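Peer 1: what's the 3D shape of this:
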Amino acid sequence: MKSKDLKPTLPAKVLVIGEDSNLQWSDTVTKVAMFADYFFKEFPEDHGERSRNVESQDLFRHIAYVTNNKIKNTEIYITNLCNEYLTPAPKGKRVLIPEEQAIKGIQHIEKILQENPTIVYILVMSLQSNYWLQKLGFYGENNEKFIYDAQPRKKGLENRDSPFYQPVVGKSFRNIIGNIYNAKDNSVKVIPILDHNSFPLSDRDYKLFGEAYDKIRDNFTI
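Peer 2: A predicted model of the protein is given here:
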């Protein structure tokens, strides 16, 4: 099974890149990246469907907050770095995106940009997605300390039956959030942000990243 992209009905201004083909809390692959399609559906009666609707609402609220409400919901293109089913991680751990899948994901992203020249900004959600995009040269300029700190620990890589992603340094995201990068081969800005399910920001995340988010919002001028 493979997740589909959510394509906007208007010319895209923002591309959002998530991480999870298998969600962290299950081995399910979403039909559409990050359940984003539920945002445009009526609120469902089924309990499981409701949780997906709420998640999609939080996703779009997160995007609206980061972009300072400068774009329409119908101008947002949403995909994952990996849209394919992967080996589930142990309970409580994050699914590891192998390098070969990350390479395929970047090729897909580059195709999206070619087909949607109206895109101005890319929001890259999650630590692992940002790691691979920097490691594999999608960013025009890299933060070498971040790449080292965010690389997967051997413990997770070598867990043969169920590999998982755990960074060498747990606080490595602080090295890049608040920065706005140029894409290497495209005239778009790349902005690292937290996971799609991190909004509203918790008190802890606001203390850690609130200033960085304000910096991003102040520079978002679409």
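
Peer 1: list the contacts for Asn116?
Peer 2: 11-12, 15, 77 (Cβ atoms under 8 Å, 6 or more residues apart in numbering). For every residue, glycine as well, the C-beta is placed using N, CA and C.

Peer 1: Let me know the closest of those to Asp161.
Peer 2: Among these, Leu15 lies closest to Asp161 (Cβ to Cβ), at 34.5 Å.

Peer 1: Distance check, Ile103 against Ile97.
Peer 2: Distance of Ile103 to Ile97, given as Cβ to Cβ, to the nearest Å: 10 Å.

Peer 1: Please say which of those two ends up with more neighbours.
Peer 2: Remark: of Ile103 and Ile97, Ile97 carries more neighbours, 26 against 12, as counted by other Cβ atoms under 10 Å.

Peer 1: Scan this protein for its longest helix.
Peer 2: Secondary structure of the chain per DSSP state H: the longest helix is helix 47-66.

Peer 1: Show me how far that helix is from its chain's centre.
Peer 2: Offset of helix 47-66 from its chain centre (Cα atoms, centre = their mean, to the nearest Å): 14 Å.

Peer 1: Pull out the buried positions in that helix.
Peer 2: Of all the residues in helix 47-66, those buried under the rule 16 or more other Cβ atoms under 10 Å are 52-53, 55-56, 58-60, 62-66.

Peer 1: Other residues contacting that helix?
Peer 2: 14, 16, 34-39, 41, 43-44, 71, 73, 76, 78, 123, 191, 193-194, 196-200, 213, 216-217, 220.

Peer 1: Would you list the buried entries among those residues?
Peer 2: Buried, going by 16+ other Cβ under 10 Å: 14, 16, 34-39, 71, 76, 78, 123, 191, 193-194, 196-197, 199, 213, 216, 220, out of the contacts of helix 47-66.

Peer 1: check contacts around the residue nearest to Tyr139 when sequence neighbours are not counted.
Peer 2: Distances taken as Cβ to Cβ, 6 or more residues apart in numbering place Tyr181 nearest to Tyr139, at 4.9 Å, with adjacent residues excluded. When contacts are counted by Cβ under 8 Å, 6+ apart, Tyr181 is found next to 139-141, 189-192.
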